[in-house]
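Asks: Sequence first, predicted model second:
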Amino acid sequence: MRLKRLAPLLATAGLIATTVPLLASTQAAATPTAEHLRQKPAWQRCSPEQPASYECATIKVPLDYRRPDGRTIDIAISRMKSENPAKRHGAMLLNPGGPGGSGLDLPLLMNGLMPKEVRESYDLIGFDPRGVGASSPITCGLDDAEQSFDRPYRPETFSSDVTWARTVADKCREKSGTVLPHITTRNTARDMDTIRAVLGEKKISYLGYSYGTYLGAVYSQMYPERTDRFVLDSGVDPQRIWRGMIQVWATEAEPAFARWTRWAAERSGEFGLGDDPEAVSDTFWGLVERADREPIDFEGSKVTGDMIRSARGVFFYPAQATPLVAALKAAAEGKPQAAGTDVRALKLKLLGRTAEEPASDNGTAVFWAVVCGDTGSWPRYTEQYERDAAKDKLRYPLYGDFASNIKPCAFWDRPVEAATPMHKKANVLTVQNEWDSQTPLTSGQGLHRALKGSRMVLAGGGEGHGVYLFDPASCANAPVDAYLTTGRLPAQDVSCQNPPAAAEKRGAAPAKPVPFPGAPGRF
């Protein structure tokens, strides 16, 4: 398995109070004598096709931790043990992001990527979060069209957007209603602590990407005394959950777009999009207008202007965005593509995919369960979404209307409990690329600010969603390795500069890492 396997898995202003009070501590955490904490995993080889050292097991956890002796669900876990017991520090949980991403095979991947001194320190523990994959999976019974939330705001189609949002909420309630309220970040953090307990560990270490940073942050607040070496890579801002984390794609796409126009203008001789940034921008918006009038035939797909705008994530990768826009321009003008152009690959970038999407809606169902069930801050009136979308379409023309348009959370049941306040000290390491399309820099900085006592490693010039181990040349790898090996945080925040060519060498990275926001969108 290679690193690109992880990229597709990657996947909110002060914490807004909900009308639901925080549960009492006796409800929020199971008692130490609860039966699920005393179980012993029955480890066995995961598959004859996989190494014998890659072991799997299934444990039982309460569906509702307020009722630890009630109904249970399965959590699938996996492990690869340290091969050097003398250097073993403990166990490290791994999460790829989402919400809705499967992490069961991450030990296999990380086993081949981590430096020897880091790898020897840990038993690597993967798991499918509750509701995902092999962990009592849920469904909403959604078709492909219902799974997509990239819906541009137009006054004449807003009523159909409202119908879509209500339909998704109703179908999720119908298919998974008894489980849905309990598929939340706080409950997944409780599952993580159950995994810690059944492994016999007093503390747990953790490496989480994207949404996994928020999951790790929540764990650090719920169980600070059990939080060991935590690396939170590509940060979700706890103050933006969750509507604000979608809206930040719109605000931060604008500077990324401006950066792209400069990059493309410097290469006008190669791509022909314009001799200066303004000319490149004019070419782009002219293409969008043209595609809105008459969709562009692009590798068998009819591409509209809205489809081009919805690919906002690609502009964080100028070396990918420029050939894509050039290819669309050639297709619109009926001209042959430049020699060596892989039109099919560019089409997948436009759609935010690395391959054709699977039919299952499991990831989508978990995504909505978490982002709607974590917080009660979602507006409940359709008129607010319409006002916000119309306003943001003008303020952030690339993606503002998509980001602020109505979502199923407007019709979701009220959360069982409030979101987790970030009040406790957390000696964790946050890691961030300067040009991250999914959890932009401002979001990673928000996570760092929220976690008092944390340190941040910022890779200046770094592109892409996911930092540690994603790019062998990243300047962020060394300080993360040092922390995971020694347990000592840097004395102060670390800002380093990636080699100038590093971003362009990442040309194979997906423009919009699946599953976020491909189907419909993940962190």
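Replies: That came through, no problem.

Asks: Check which helices and strands the strand or helix carrying residue 112 sits against.
Replies: Assigned by DSSP states H and E, residue 112 falls within helix 106-113. Counting contacts by 3 or more C-beta pairs under 8 Å, 6 or more residues apart in numbering; DSSP states H and E, helix 106-113 packs against strand 72-80, strand 90-95, strand 122-127. Glycine gets a C-beta too; all of them are placed from N, C-alpha and C.

Asks: hmm, try it at 6 Å
Replies: The contact analysis (3 or more C-beta pairs under 6 Å, 6 or more residues apart in numbering; DSSP states H and E) places helix 106-113 against strand 72-80, strand 122-127.

Asks: Residue 170: which of those strands is closest?
Replies: strand 72-80 (23.0 Å; C-beta to C-beta).

Asks: Work out the sheet partners of the closest one and label each with its direction, please.
Replies: Looking at strand 72-80 with DSSP bridges, its partner strands are strand 55-62 (antiparallel), strand 122-127 (antiparallel).

Asks: how distant is the helix holding residue 112 from the center of its chain?
Replies: For helix 106-113, the separation from the chain centroid amounts to 19 Å (computed by C-alpha atoms, centre = their mean, to the nearest Å).

Asks: so it versus strand 90-95, what angle?
Replies: Inter-element angle recorded for helix 106-113 and strand 90-95: 110 degrees (by axes from the mean of the first three to the mean of the last three C-alpha atoms, to 10 degrees).

Asks: Show me what the next helix or strand after helix 106-113 is in contact with.
Replies: Per DSSP H and E, the first helix or strand lying C-terminal to helix 106-113 is helix 116-119. Contacts with helix 116-119, where a contact means C-beta atoms under 6 Å, 6 or more residues apart in numbering, come from 481, 484, 485.

Asks: do the same with stretch 188-200
Replies: Against stretch 188-200 from outside (C-beta under 6 Å, 6+ apart): 36-37, 39, 41, 59, 61, 65, 75, 91, 93, 129-130, 204, 215, 218-219, 222-223.

Asks: what stretches of this structure score poorly on pLDDT?
Replies: By pLDDT under 70, the low-scoring segments of the chain are 1-33, 353-359, 501-522.

Asks: Need the distance between the two termini of stretch 460-475.
Replies: 9 Å (C-alpha to C-alpha, to the nearest Å).

Asks: chain center to it, what's the gap?
Replies: Centre to centre, stretch against its chain (C-alpha atoms, centre = their mean), the figure for stretch 460-475 is 16 Å.

Asks: likewise stretch 480-494?
Replies: Taking C-alpha atoms, centre = their mean, one finds stretch 480-494 lying 24 Å from the centre of the chain it belongs to.

Asks: Same question for stretch 132-151.
Replies: 16 Å.

Asks: how about that stretch: buried residues?
Replies: By 16 or more other C-beta atoms under 10 Å, the buried positions in stretch 132-151 come out as 132-140, 142, 146-151.

Asks: Alpha carbons of that stretch, in CSV - could you do that?
Replies: This file holds the C-alpha atoms of stretch 132-151, laid out as CSV (Å, rounded to 0.1, in the frame of the first residue of the first chain):
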residue,chain,number,x,y,z
VAL,A,132,-18.5,3.1,9.6
GLY,A,133,-17.4,0.2,7.5
ALA,A,134,-17.1,-2.9,9.7
SER,A,135,-18.3,-1.1,12.8
SER,A,136,-22.1,-1.7,12.7
PRO,A,137,-22.4,0.4,9.6
ILE,A,138,-25.4,2.8,9.0
THR,A,139,-27.1,3.9,5.9
CYS,A,140,-29.6,6.5,4.8
GLY,A,141,-30.6,4.8,1.6
LEU,A,142,-29.4,7.7,-0.5
ASP,A,143,-28.9,7.6,-4.3
ASP,A,144,-25.9,9.2,-6.0
ALA,A,145,-27.7,12.5,-6.5
GLU,A,146,-28.8,12.7,-2.9
GLN,A,147,-25.3,12.2,-1.7
SER,A,148,-23.9,15.3,-3.3
PHE,A,149,-24.2,18.6,-1.5
ASP,A,150,-22.4,20.8,-4.0
ARG,A,151,-25.6,22.8,-4.7
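
Asks: how deep is residue 335 tucked in, by neighbour count?
Replies: For residue 335, the neighbour count with other C-beta atoms under 10 Å is 9.

Asks: Next: residue 92.
Replies: 28.

Asks: quick one, what contacts it?
Replies: So residue 92 contacts 122, 124, 205 (C-beta under 6 Å, 6+ apart).

Asks: With residue 485 instead?
Replies: Going by C-beta under 6 Å, 6+ apart, residue 485 touches 117, 118.

Asks: Can you tell me how far it is from residue 231?
Replies: Computed as C-beta to C-beta, to the nearest Å, the residue 485 to residue 231 distance reads 12 Å.

Asks: likewise residue 265?
Replies: 37 Å.

Asks: Looking at the two, which has the bigger crowd around it?
Replies: Taking neighbours as other C-beta under 10 Å, residue 265 and residue 231 compare with residue 231 leading, 23 against 19.

Asks: Quick check: the more buried one is in a strand.
Replies: Yes. Counting by DSSP: H, G, I helix; E, B strand; the rest coil, residue 231 is part of a strand.

Asks: sorry, back to before: which two among the buried residues of stretch 132-151 are spaced furthest apart?
Replies: Spanning the widest gap among those are 134 and 151, at 31.4 Å by C-beta to C-beta.
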